[in-house]
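Trainee: Sequence and predicted structure below; questions after.
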Amino acid sequence: MTSPVGAIDGPPAKPALTSRWDSPALRRFRRHRLAVFGAVTILVLTLACIVGPFLLPFTDTFIDIRQRFAPPLSGAHVLGTDQLGRDMLARLLMAGRISLAVGFAAMAISMVIGVCVGLVAGYYGGAIGAVLMRFVDAMLCFPSIFLLLAVSAFIHPGVETIILLIAFTAWMEVARIVEAQIKALRERDFAVAAEALGASDARVMIRELLPNAIAPIVVAATLNVAHAILAESYISFLGYGIQPPTPSWGNMLDNAQGYLTSAPWLAMLPGAMITLAVTSFNFIGDGLRDALDPRTDAR
Amino acid sequence: MGSFLARRVGQAGVLLLIVSIIGFSILHLAPGGPLSQFAATGDMTQEDLDRVARQMGLDRPLPVQYAEWLWRLLQGDWGVSYRDKQPVLRVIGSHLGATLELMLSSTLLAMMIGCWIGVLGAIRRYSVFDTLATVGAMIALSIPTFWFGLVVIYVFSVGLGWLPAGNRYTIGDGSWSDRLHHLIGPCIVLALVSTAVWSRYMRSSMLDVINHDYIRTARSKGIPERRILFQHAVRNALLPMITIAGLHLPTLLSGALVTETVFTWPGMGRLFLDSIGYRDYPTVMGILMFTAMLVLLGSLLADLLYGVADPRIRTA
Amino acid sequence: MSELDRNAKRSRLSAPSLRRREFIVLGAGALLGARSAEAETPPPPSGRRGQVIVGLSQEPTVFNPLMPGIEVDESVWMNVFNALWNPDPEGNLIPELAAEVPTVENGGISDGGLAWKVRLREGVVWHDGEPFTAEDVKFSLELINSPGFRARTRQGHSLVRDIVVKGPHEISWRMEKAYSPYLALLANTFIVPKHILGKASDPNTAAFNNAPVGTGPFRWSERVAGDHISFVANERYFLPGPYLEKAVFKYIPDLTALYAQFRTGQVDLTIGQGIPANFYEEAVKLPGRKVVANPSGNLEIIMPNLELPALSEKAVRQALYHAINKQAIIDVIYYGLHRPTESFAPKESWAYNPNLPPHSYDIAKANKLLDDAGWKRGARGIRQKNGVPLEFALSTTTGTAIREQCQQLLMQDWQQIGASMKINNMPAAVIWGEFYVRSKFQALLVGTAFRTVTDPDPATRFSSESIPVKGGSGGNYMQYVNPEVDRLLAAGQTSFDRQERTKIYHRLQEIVRDELPILPIFQYAPVEGYKEGLVGFRPNINARQNTWNMSKWYWAR
């Protein structure tokens, strides 16, 4: 749940990234070996989760009572079976689809909300900005899991609601970052010039200011995916997660608790998948932060 | 200084008002209510349920209920817990000690280890140690806390029998050594994430300081490297950590909630979970307000302490 | 109905909450036989010695026994307070504060059930030394009916008129109508002290509610909220015992953690929801622990909403019932612990009808039933009739992992007969709110009981006057309407003759088995465990919690 998003100090304004493949940022990212490792892992995981289920002889929901608790590598089931005799590999991959989808979707929504609030608050400032940012501050007064729980105890749990729930509790940091960036940027010459040329507010915000604030936004987005995947597992652990028969890494881990000693792979595998995916996103985020921050070269 | 404080307190008041409105709306607009659980027991007929709801005033319009709650709060009355039938403040008070014990001990542990890792990582930047520390911190931040807690219980309690499987102390014992023994497991689990956070912040803070002019000057003067690092650099690098400590509070509370659940630790986290499940409106609101106050106080103290520690800030 | 896990998390691994309700008869006979070691056990100590730590997965928080509480609260009430009488495992009412249980034969109940007279035990004192008298009983009954008091239930009590104290130890009243289940309801009505609560300005918030004073075998000692409650022996208890010096109820909110602490010996007993089924095999092998599956009066059932077009037809419910693989559910998911049942009454009840047609898992028969009733297979293999697809959602509390497995098995079975079931689980506080009491569900998977405390009367669950959404009062949330059932229920309530009532309830069970307003799956037998050396632990299907006879427990030396 801890993503040190707040630690990002924004880079000074610079033109939007244009020449993509030979940009210094990309070179720096490629030098960041852990980040490359993370990116490759996520790519492989995503591909496996998309393609994998089509290649397997079992579906994730096929129940075969006679085959329950088959250990990994013991027969037809490569990663064994669960408490209902369902194929673990098929479930892990299908669960990956859900968990990654939750991660990306929750990130996307939280970014949209956060960026919009941050843009408006930073650009207009004054009363509007104050009201918006006080609301952000108030939301940040709730420890995130308190907020998650308070809301999740009341909603009807499903994939969509879990996504909204996580997004709803994860946009505030983004709003703060964007607001700070925009506030600083809007005094710059290019913004003032654009305004003087009669560009509309929306145009200045989206075409001029936003591209210059993109670096910390991208970093925050990556870390938010990690946050969302973890958050999903926490909600599941506390009993309010995604409902069966849909598997997610979180609910697989949750359901495995009773079998920790008798069938440890039920818990080990989804636990490892969560850790792997979240670590990878954190690596990417870390790499991006270094890559997009020009000061890294100076040091 | 005085006006700064007054302004901050005023801001905090506004924030708390918003917090209370958000919290109250979320709680009361949700379906279900504090009587659902009695419906489930089948002992109480619908007539009984409607009667008790009326007796408890749950049938009144929400704005009226909110206004009454707020008015009482302003007079210092936090209400009476539905679940515990005791004043909310007393209920919170009876759970606070356990949480503080856990949070303080794990923070202390995390600070010591985390700062040490951060300093070493910064001094030997890009060394094997630094890389391992970075990777380790990333993984620590990525492991679901509850999962780590369960593994600790199963390895060290059920498997090896070294640690108790939960609880704050053995009933009937409660000596210092007994309490300490019970504290080890949850403390380590909760400290894991904090250690990672602290080591990352400490590392970057230390890097900032090392690159400062005065350190370079000191070096050029030929002061021994060890003395430079530990007398000047570390001291200055620790300064921003005060802020981090204040801002880290909400995260720590979140972690405590999960850890308390896994280790059956009778603290605020558990109280919150129970109260949410019960729809104990006064207690949930009380905890939300209380934690919001803690968080605000944390950031205020962080700012004040930082000001005291670094006189340059005051002018800003 | 014990389904409510105040917090879903708590019951994550549970065989859903198991509530031990009163009921009559036999009971744990077999189990007691199995543990007939009673004869060899050492005699109780002469003094009071030692303590016991009872692990509970829910926290008792309500200590005024007349206010709304859940079953775990009763484990406190039954040790701090006494009712007039209390059911034993065989279902006999044993007098406690009463000198004898009133019956038609002994003249305690007369005038066709309208006049009641109870003689009270003499020499009973409250924990603070005040004598217990008929005034306390009168006060308790009147408090329940007083307008401002948040009484748990007025069921039965609202019929009481003209309470007269005839002497310090004799009390009588009249009933507005004959109502035989009131005997059982009184067994669950704990008597509170007039000299304390009567003086409170508001009994809802009296200090007494957090420091109860009763007549029971244990005195309230201390409570550490969120952690434990401790009790000390009542030296002046009027019945034999208690033999323990001290008792502690330890709250461990997670069943897995509770089991872990039972395993490591930090708690001496784990009762109530007890040990999750998946740990049963491991638990029976634990050295120094006794682990027993104790039948409870609770049933696991599917509760269809009979107003839902797809489920309103009897043939559909019968087909669904035939397509349930009960044996797989019980053997695979519940490790063979529970017993399949056809009735809404527990097997141990005197009203239980053993001659109901047995269930058979028969997909072909289920398909034929639906074919004959005109349900044709349509798109995606789902049956339809008159434009109504055979689709519904089955709901239960979120976070109950074992039930979720059961749902997934049902889903696969029902698919084979062209019925499409979706899982629609919700947090406890949501599902048991309006969704349940206003009959907004399509079908529920719940653990519940169909009777009135220890009495077999299920009127609040099956009578057409008990449908809240149709203006009634009661718990007929499936909205079952059957005039013959209504007639039988009314007749059962007014009769005090057990033979006559048995006949009535046997007929009622036949009708319910045929029409299936509920689809019974099994009767619960939760796994409870205790340390070897603890003598006197005796499961009681008629008590809500097996702390009912804690006054008789002691440690073998």
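Mentor: Structure received.

Trainee: so who does residue 259 touch?
Mentor: Just so you know, I chose chain A. By C-beta atoms under 8 Å, 6 or more residues apart in numbering or on different chains, the contact list for residue A:259 reads A:69, A:83, A:266-267, C:278. C-betas here are computed from N, CA, C, even on glycine.

Trainee: try chain C instead
Mentor: With C-beta under 8 Å, 6+ apart, residue C:259 has these contacts: C:270, C:275-276, C:279, C:283.

Trainee: Equivalent analysis for residue C:434, please.
Mentor: Residue C:434 touches B:31-32, C:440, counting by C-beta under 8 Å, 6+ apart.

Trainee: switch to 10 Å and redo it
Mentor: By C-beta atoms under 10 Å, 6 or more residues apart in numbering or on different chains, the contact list for residue C:434 reads B:31-33, B:36, B:39, C:440, C:469.

Trainee: Next: residue C:515.
Mentor: Contacts of residue C:515 by C-beta under 10 Å, 6+ apart are C:306, C:314, C:317-318, C:480, C:482, C:485.

Trainee: Pick the one among those closest to residue B:147.
Mentor: Proximity of the contacts of residue C:515 to residue B:147 was ranked by C-beta to C-beta; the top entry is residue C:317 with 42.2 Å.

Trainee: Relative to residue A:196, how far out is the residue lying closest to that closest one once chain neighbours are set aside?
Mentor: Nearest non-adjacent residue to residue C:317, counting by C-beta to C-beta, 6 or more residues apart in numbering or on different chains: residue C:516, 4.2 Å away. In this view, residue C:516 and residue A:196 are 78 Å apart by C-beta to C-beta, to the nearest Å.

Trainee: Which one's more surrounded, these two?
Mentor: Between residue C:516 and residue A:196, counting by other C-beta atoms under 10 Å in any protein chain shown, residue C:516 is the more crowded of the two (19 against 8).

Trainee: Is that one in contact with residue C:312, as I believe?
Mentor: No: using C-beta atoms under 10 Å, residue C:516 makes no contact with residue C:312, being 11.7 Å away.

Trainee: can you tell me the helix or strand for residue A:217?
Mentor: Here residue A:217 is covered by helix A:214-237, with elements defined by DSSP states H and E.

Trainee: from the contacts of residue C:434, which are also near chain A?
Mentor: For chain A, the contacts drawn from the contacts of residue C:434 by C-beta under 10 Å from any C-beta of the partner chain are B:31-32.

Trainee: Now distance to residue C:42, neighbour count and secondary structure too, for the contacts of residue C:434, in TSV please.
Mentor: As requested, those are arranged in TSV below (distance: C-beta to C-beta, whole Å; neighbours: other C-beta atoms under 10 Å in any protein chain shown; DSSP: H, G, I helix; E, B strand; the rest coil):
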residue	distance to residue C:42	neighbour count	secondary structure
B:31	55	17	coil
B:32	50	22	coil
B:33	51	22	coil
B:36	47	25	helix
B:39	46	28	helix
C:440	56	15	coil
C:469	57	16	helix
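
Trainee: Please enumerate the helices of the stretch 1-150 of chain C.
Mentor: Ranges of helices within the stretch 1-150 of chain C are C:29-34, C:71-80, C:134-145, based on DSSP state H, counting those that start in this stretch.

Trainee: pLDDT averaged over the shortest one, what's the number?
Mentor: In other words, helix C:29-34. Averaging pLDDT along helix C:29-34 yields 40.

Trainee: about what we covered before: of the helices of the stretch 1-150 of chain C, which stretch is the most buried?
Mentor: Most buried of the helices of the stretch 1-150 of chain C, by mean neighbour count (mean count of other C-beta atoms under 10 Å in any protein chain shown): helix C:71-80, with a mean of 24.

Trainee: I appreciate the help and will end here.
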